[in-house]
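Colleague: From the sequence below, what's the structure:
(one chain, ligands or ions: 2)
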Amino acid sequence: MATLKAAVLVVSTTAAKDPSADSSGGILKEVFEQEGGGKWEVVEIKIVGDVVLDIQRAITGWADREEPPNVIITTGGTGFAVHDSTPEAVNPLLHKQAPGLVHGMLAASLAVTPFALMSRPVAGVRNKSIIITLPGSPKGAKENLQAVLKLLPHACVQAAGADSRTIHAGGVKKLEKEAGVSAHGAGGRSHSHGHSHGHSHGGHSHGHAMPVRHTAPSESPRSNDPALGPTRRNRSSPYPMLAVDEAIGLIREHTPSPQVIKVDVDGSLVGCVLAEDVTATEAVPAYRASIVDGYALIAPGDGGSSKGVFPVASISHATPGEIAPLEVGQIARITTGAPLPPGATSVVMVEDTVLKSMTEDGQEEHEIEILAEGVKAGENVREVGSDIKKGEVILRKGEEISAVGGELGLLASVGRAKVKVYKRPVVGVLSTGDEIIEHGRPGDLRLGEVRDCNRPTIMSAVRGWGFEVVDLGIARDKPGALEETLRDALRNVDVIITSGGVSMGELDLLKPTIERSLGGTIHFGRVSMKPGKPTTFATVPVKNNAGERVSKVIFSLPGNPVSAIVTLHLFVLPSLHHAAGVAPAGLPKVQVILDHEFRLDPQRSEYHRAIISLGKDGSMHASSTGGQRSSRVGSLKSANSLLCLPAGKETLSKGSKIEALLMGRLKSEFDVL
Ligand code: AMP
Ligand code: MG
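Modeller: Ligands and ions are numbered 1, 2, ... in the order given. Coordinates of the predicted model:
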């Protein structure tokens with residue numbers, strides 16, 4: 001077996017201030033490495049204070065990463081003191097409870113001291129990591145770990161996804177032998193009170209230290225299972241509150257990488273990012289062309305004069321076809337962009353000539369006098385490849401085809417018919433809520449009805465960014481209805497954006513549906529920001545049409561229209577950009593000067609809707625759009641930016657400089673058109 005990885009989290013406010021105060025971390029590392037039969041490596045030791053969010057952040061940071069540790073051990077914070085909150089922090093993070101491990105640890109400690117009962121351990125599995133909370137005292141922590149250490153490798157193999165039938169193939173005795181334990185001496189410790197549940201004969205017992213069949217639903221008093229109704233729901237959000245930057249980091253990490261497709265070169269490319277370098281297979285111009293309307297001639301050698309009267313031997317228009325060669329003493333009338341006759345070296349502008357004589361019918365030029373002196377070879381001629389050389393790289397992988405036209409122009413000018421780009425994700429937009437009705441439904445509203453504001457606005461914003469949008473309609477607040485809508489949508493779109501149903505009400509079904517019914521992973525479910533706190537980002541495993549397992553993205557935005565639109569810009573756009581290979585992802589950041597005072601929110605950073613205008617001095621000025629309540633969609637009218645106001649107790653004065661995210665076109669004081 002490959003080495004198993006353990007991470008140790010020391011939870012202690014004292015040790016967080018002074019790491020030398022911690023001894024449990026080192027002791028646990030020793031137990032793993034010296035008593036673990038050479039199977040273990042302690043890959044991380046971290047210290048945090050008795051703060052629920054810090055504990056959760058550390059644990060999810062380990063358990064949610066690509067290669068999580070097999071076991072996460074915490075030590076400390078499991079007692080009854082006011083600040084002891086490790087079980088409260090860990091419990092909501094567990095996808096599966098492991099009361100057997102808890103029972104085993106308590107039983108082992110109880111054999112040593114009745115005070116074992118003063119510890120409140122929890123244990124379970126998050127993703128592929130087993131999490132166990134040990135007491136804080138070095139002795140207690142060590143004993144508890146010793147009680148379960150030998151059993152952990154087996155649990156780890158299962159948690160990491162091994163097929164349990166294969167694992168159990170040799171029966172329990174074989175497992176016990178491999179782990180070096182027996183029913184009467186699990187973990188090397190004997191149980192003086194050994195009672196029997198009799199199931200060791202059933203071929204599926206793991207010995208007393210780990211009575212796996214003891215799982216009772218009542219061990220986990222709160223649940224996100226909507227079927228259990230309002231009395232059993234979580235009464236505060238179990239999702240750790242992340243900073244906006246952390247949330248954006250998780251979006252970057254978990255948005256699937258861009259897919260490469262080959263598409264026709266046409267207007268639908270606008271907004272796409274190239275997935276290959278493009279080399280010109282033709283030169284532009286492909287022939288020697290005149291830059292002006294005038295006369296092609298053969299420039300005289302050194303000392304010769306270009307002045308004189310010459311017969312007009314031929315005419316070259318900008319049309320494909322053969323042209324007769326020019327001979328010394330002749331000139332050819334030529335138009336802008338037309339090919340030079342073979343032999344011609346230069347062109348003089350029509351402005352530098354006069355008509356000398358006409359043909360007899362008066363319809364054509366016969367002779368022209370050239371007034372220009374000193375005409376050089378190559379004058380007024382675009383040489384072959386002087387705009388684009390054959391073989392030159394004209395566009396690079398990662399460059400975006402803009403609506404300005406330059407990139408498409410380059411592709412078109414060298415005759416490129418197909419090009420590799422990153423596939424732009426198709427986005428489905430769903431509103432949720434029993435109260436939500438189609439925005440255009442005629443007639444007065446009944447009590448409790450709300451017109452759907454989010455779906456039309458989100459769809460138009462996403463379309464405005466250049467992504468294809470699918471209207472998923474309105475889902476009612478019924479678990480089955482929501483699940484079915486999402487499942488259907490996952491077949492047809494790459495990204496789902498929902499709004500509503502992510503708050504703390506018993507009908508807020510998005511998170512439980514994603515986690516419980518769709519088997520998805522919620523990467524974050526709460527962000528410290530205003531508006532938009534309950535914003536949720538998840539990925540769901542699905543099979544694509546080719547039968548491959550892929551991951552699709554769900555953003556569940558808050559229901560309040562302003563929160564939905566702000567978080568759409570702040571979180572969904574970067575994800576769509578990542579998926580489409582657009583870099584840098586997200587809204588551009590600019591620095592602005594405040595046109596008036598702004599009061600800060602003491603707790604949360606605020607994304608304040610504002611109008612930025614470009615002053616005559618070139619600086620950008622911001623003023624608020626007024627009342628910022630998250631239901632007041634008018635705060636987004638005319639807004640072209642989100643001011644990034646930090647949390648704080650003070651008021652920012654007029655003239656302060658602050659960062660802003662640009663959502664719309666800049667107003668300019670130079671605008672006079
Ligand atoms: P929820 O998170 O579902 O509790 O929604 C929070 C608030 O947003 C409630 O007042 C909802 O009525 C409102 N809301 C939810 N979805 C929409 C929508 N599509 N359009 C307008 N308001 C909505
Ligand atoms: Mg709702």
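
Colleague: Assign residue 8 to helix, strand or coil.
Modeller: Classification of residue 8 by DSSP: H, G, I helix; E, B strand; the rest coil places it in strand.

Colleague: show me what contacts it?
Modeller: By C-beta atoms under 8 Å, 6 or more residues apart in numbering, the residues touching residue 8 are 25, 28, 29, 42, 44, 45, 46, 72, 73, 74, 75. Bear in mind the C-beta positions are built from the backbone N, C-alpha and C, glycine included.

Colleague: Kindly provide the distance from it to ligand 2.
Modeller: Distance of residue 8 to ligand 2, given as C-beta to the ion, to the nearest Å: 41 Å.

Colleague: what's the neighbour count on the closest residue to that residue other than its chain neighbours?
Modeller: Closest residue to residue 8 apart from its sequence neighbours, by C-beta to C-beta, 6 or more residues apart in numbering: residue 45 at 4.6 Å. Neighbour count for residue 45, taken as other C-beta atoms under 10 Å: 18.

Colleague: Please apply the same query to the one 5 residues further on.
Modeller: Residue 50 has 21 neighbours, counted by other C-beta under 10 Å.

Colleague: Could you tell me the model confidence score at it?
Modeller: Note on residue 50: pLDDT of 92.

Colleague: now do residue 535
Modeller: Residue 535 is given a pLDDT of 97.

Colleague: Could you do residue 67 as well?
Modeller: The predicted structure scores residue 67 at 89 on the pLDDT scale.

Colleague: quick one: it from ligand 2, how far?
Modeller: 37 Å.

Colleague: For that residue, pull up the helix or strand it's in.
Modeller: Using DSSP states H and E, residue 67 sits within no helix or strand.

Colleague: Could I get the buried residue list for the longest helix that the chain contains?
Modeller: Counting residues, the longest helix found in the chain (DSSP state H) is helix 479-492. Residues of helix 479-492 classed as buried by neighbour count (16 or more other C-beta atoms under 10 Å): 479, 482, 483, 485, 486, 489, 490.

Colleague: Any idea how far apart the tips of stretch 360-375 sit?
Modeller: 30 Å (C-alpha to C-alpha, to the nearest Å).

Colleague: List of residues touching it?
Modeller: By C-beta under 8 Å, 6+ apart, the residues outside stretch 360-375 that reach it are 295, 297, 299-300, 305-312, 331, 333, 346, 348-349, 352-359.

Colleague: Mind doing that once more with 6 Å?
Modeller: Residues from elsewhere that reach stretch 360-375, judged by C-beta atoms under 6 Å, 6 or more residues apart in numbering: 299, 306-307, 309-312, 346, 348, 352-359.

Colleague: Which among these count as buried?
Modeller: 299, 306, 310, 312, 346, 348, 352, 353, 356.

Colleague: In a strand, the first one, correct?
Modeller: Same thing as residue 299. No - per three-state DSSP, residue 299 lies outside any strand segment and is coil.

Colleague: Can you verify my assumption that it contacts residue 347?
Modeller: No - Residue 299 is beyond contact range of residue 347, at 10.0 Å (criterion: C-beta atoms under 6 Å).

Colleague: Give me the neighbour count for residue 57.
Modeller: Applying other C-beta under 10 Å, we find 18 residues neighbouring residue 57.

Colleague: What strand or helix carries it?
Modeller: Residue 57 is part of helix 52-63 when elements are defined by DSSP H and E.

Colleague: same check, this time on residue 315
Modeller: Using DSSP H and E, residue 315 falls in strand 308-316.

Colleague: where's residue 355, which helix or strand?
Modeller: With DSSP H and E as criterion, residue 355 is part of strand 353-358.

Colleague: which residues touch that strand?
Modeller: 309, 365, 366, 367, 368, 369, 370.

Colleague: which of those residues lies closest to ligand 2?
Modeller: residue 365 (80.6 Å; C-beta to the ion).

Colleague: what's the neighbour count on the closest one?
Modeller: 17.

Colleague: For it, grab phi and psi.
Modeller: Per-residue torsions, residue 365: phi -80, psi 140 (degrees, to the nearest 10).

Colleague: what's across from it in the sheet?
Modeller: Beta-bridge pairing of residue 365 under DSSP bridges involves residue 358.

Colleague: All the helices of the stretch 451-600 of the chain, residue numbers only.
Modeller: 454-464, 479-492, 510-512, 561-567, 573-580 (DSSP state H, counting those that start in this stretch).

Colleague: Is residue 651 in contact with residue 599, as I believe?
Modeller: Yes - if you go by C-beta under 6 Å, residue 651 and residue 599 touch, sitting 4.7 Å apart.

Colleague: one step back: distance from the chain centre to the longest helix of the chain, please.
Modeller: Distance, stretch centre to chain centre, for helix 479-492: 22 Å (C-alpha atoms, centre = their mean, to the nearest Å).

Colleague: got the CA positions of it in PDB?
Modeller: C-alpha atoms of helix 479-492 as PDB (Å, rounded to 0.1, in the frame of the first residue of the first chain):
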ATOM      1  CA  PRO A 479     -37.500  18.700  -4.300                       C
ATOM      2  CA  GLY A 480     -38.600  16.400  -7.200                       C
ATOM      3  CA  ALA A 481     -39.400  19.200  -9.600                       C
ATOM      4  CA  LEU A 482     -36.100  20.900  -9.000                       C
ATOM      5  CA  GLU A 483     -34.100  17.700  -9.300                       C
ATOM      6  CA  GLU A 484     -35.800  16.800 -12.500                       C
ATOM      7  CA  THR A 485     -35.300  20.300 -14.000                       C
ATOM      8  CA  LEU A 486     -31.600  20.300 -13.100                       C
ATOM      9  CA  ARG A 487     -31.000  16.700 -14.400                       C
ATOM     10  CA  ASP A 488     -32.600  17.600 -17.700                       C
ATOM     11  CA  ALA A 489     -30.600  20.800 -18.000                       C
ATOM     12  CA  LEU A 490     -27.400  19.000 -17.200                       C
ATOM     13  CA  ARG A 491     -27.800  17.000 -20.300                       C
ATOM     14  CA  ASN A 492     -28.100  20.100 -22.500                       C
END
